[in-house]
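Colleague: here is my input; please provide its structure:
(2 chains)
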Amino acid sequence: AQSVTQLGSHVSVSEGALVLLRCNYSSSVPPYLFWYVQYPNQGLQLLLKYTSAATLVKGINGFEAEFKKSETSFHLTKPSAHMSDAAEYFCAVSEDNAGNMLTFGGGTRLMVKP
Amino acid sequence: GAVVSQHPSRVICKSGTSVKIECRSLDFQATTMFWYRQFPKQSLMLMATSNEGSKATYEQGVEKDKFLINHASLTLSTLTVTSAHPEDSSFYICSARSPGTGNTEAFFGQGTRLTVV
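Modeller: You can find the predicted model right below:
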């Protein structure tokens, strides 16, 4: 069985500040991990995914995430927040590398203050 | 990336009625579609896997007679919530997988917020 925990349902940062969204997972098999973003009234968009290659994964819009097996974590970061980053972010785990049959975390709403 | 369209984006219905939600892949053919739901303040949970031309596979705890899934074509899957009750109020979202060798990426619709009154 797989599960995902996102710490913090709401995160607020100032524009230009570091963004850190936390994700911890549980999996009985080597996991494939994903971060998705959802802007208002839009579908989920894939930000990045870890598929057992490099542990530091770079995604779109300047986001990156680091897979740490010892900590069972896959935290999402961005050095400098933009107003356009305000959205809902979901961490997810899957048994395949394409993002099918995902198990999601509860989501974190990122708010960016001017 | 590929586009998946979900309709309607919001729907309010009376208790006891049925509601149909459509999920369309606009620029690719989807052999497999997935239906998820998210209750308030909870995670997105996989409900069922829908394969074109065959019966859907439901996750444990999901009533197949209540949540009817039809995947009659390679571009359309529908989820019908039958005899809806207020506890069915939720956010429903679909994803579609493009055909190809191996595991291809799944693309998401924008979701449907169902409110049963």
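
Colleague: low-confidence bits of chain B, can you list those?
Modeller: For chain B, applying pLDDT under 70 flags the ranges B:1, B:99-104.

Colleague: can you give me the strands for it?
Modeller: With DSSP state E as the criterion, chain B has strands at B:4-7, B:10-13, B:19-25, B:32-38, B:44-51, B:57-58, B:67-73, B:76-81, B:90-97, B:106-108, B:112-116.

Colleague: do the same with chain A
Modeller: For chain A, applying DSSP E gives strands covering A:3-5, A:10-14, A:19-21, A:24-26, A:32-38, A:44-50, A:56-58, A:64-68, A:73-78, A:87-94, A:103-104, A:108-113.

Colleague: just put those in JSON lines and tack on distance to chain B and mean pLDDT.
Modeller: For glycine as for every other residue, the C-beta is placed from the backbone atoms N, C-alpha and C. What follows is the strands of chain A, written out as JSON lines (distance: least, Cβ to the nearest Cβ, whole Å; pLDDT from 0 to 100):
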{"stretch": "strand A:3-5", "distance to chain B": "7", "mean pLDDT": "92"}
{"stretch": "strand A:10-14", "distance to chain B": "11", "mean pLDDT": "97"}
{"stretch": "strand A:19-21", "distance to chain B": "15", "mean pLDDT": "98"}
{"stretch": "strand A:24-26", "distance to chain B": "12", "mean pLDDT": "94"}
{"stretch": "strand A:32-38", "distance to chain B": "7", "mean pLDDT": "93"}
{"stretch": "strand A:44-50", "distance to chain B": "4", "mean pLDDT": "90"}
{"stretch": "strand A:56-58", "distance to chain B": "15", "mean pLDDT": "95"}
{"stretch": "strand A:64-68", "distance to chain B": "17", "mean pLDDT": "95"}
{"stretch": "strand A:73-78", "distance to chain B": "15", "mean pLDDT": "98"}
{"stretch": "strand A:87-94", "distance to chain B": "7", "mean pLDDT": "94"}
{"stretch": "strand A:103-104", "distance to chain B": "4", "mean pLDDT": "90"}
{"stretch": "strand A:108-113", "distance to chain B": "11", "mean pLDDT": "96"}
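
Colleague: reformat these into CSV and put mean neighbour count next to each item.
Modeller: Shown next, in CSV, are those (neighbours: other Cβ atoms under 10 Å in any protein chain shown):
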stretch, mean neighbour count
strand A:3-5, 17
strand A:10-14, 14
strand A:19-21, 19
strand A:24-26, 17
strand A:32-38, 23
strand A:44-50, 21
strand A:56-58, 14
strand A:64-68, 18
strand A:73-78, 21
strand A:87-94, 24
strand A:103-104, 22
strand A:108-113, 16
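
Colleague: can I get the ones you listed in TSV including distance to B:Thr80?
Modeller: Putting these into TSV (distance: least, Cβ to Cβ, whole Å) gives the following:
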stretch	distance to B:Thr80
strand A:3-5	29
strand A:10-14	34
strand A:19-21	35
strand A:24-26	33
strand A:32-38	24
strand A:44-50	22
strand A:56-58	38
strand A:64-68	37
strand A:73-78	36
strand A:87-94	26
strand A:103-104	23
strand A:108-113	30
